[in-house]
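J.: Need the 3D shape of this:
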Amino acid sequence: QVQLVESGGGLVQAGGSLRLSCAASGRAIFSYGMGWFRQTPGNEREIVAAVSWSGSTSRYADSVKGRFTISRDNAKNTVYLQMNNLKPEDTAVYYCAAGSSGSAYTAFTSWGQGTQVTVSS
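T.: As a prediction, this is how the structure comes out:
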């Protein structure tokens, strides 16, 4: 079982940037797709970005395309989400997730505890 711990959340003004990190332990993630999700109160968790095991394939929600970048360092067992030009509507709890296969389109089966991102206008 993999354990995922997110960090890097916080309060930022609109137009600012944050970099989220997800450190994995208990299992190497180099062969699995990884993703970032977010959730706001009363809403379902939505996928923000996902990346294949090699990093060669990534996908993004339309709302973050061109602003967010997902990347991974398999040697460090860590996944990142660089968030630029943040908007108030990006405010949410962000979760890291590990997939059951190497695809960026994998089913996600392991989750972190989440990190709060708040964007002020």
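J.: residue closest to the middle of the protein?
T.: Geometric centre of the chain, nearest residue: Trp36, 2.4 Å, by CA atoms, centre = their mean.
J.: per-residue pLDDT, that residue?
T.: On the pLDDT scale, Trp36 is placed at 98.
J.: Please apply the same query to Ile29.
T.: pLDDT for Ile29: 88.
J.: Show the contacting residues for it.
T.: For Ile29, the contact set (CB atoms under 8 Å, 6 or more residues apart in numbering) comprises 2, 72, 74, 77, 79, 98. (Each C-beta comes from the backbone N, C-alpha and C, glycine too.)
J.: Scan those residues and report the most crowded one.
T.: Comparing the contacts of Ile29 by number of neighbours (other CB atoms under 10 Å), Val79 comes first, having 28 neighbours.
J.: Phi and psi next, for that residue.
T.: In terms of degrees, to the nearest 10, the main-chain angles of Val79 are phi -120, psi 150.
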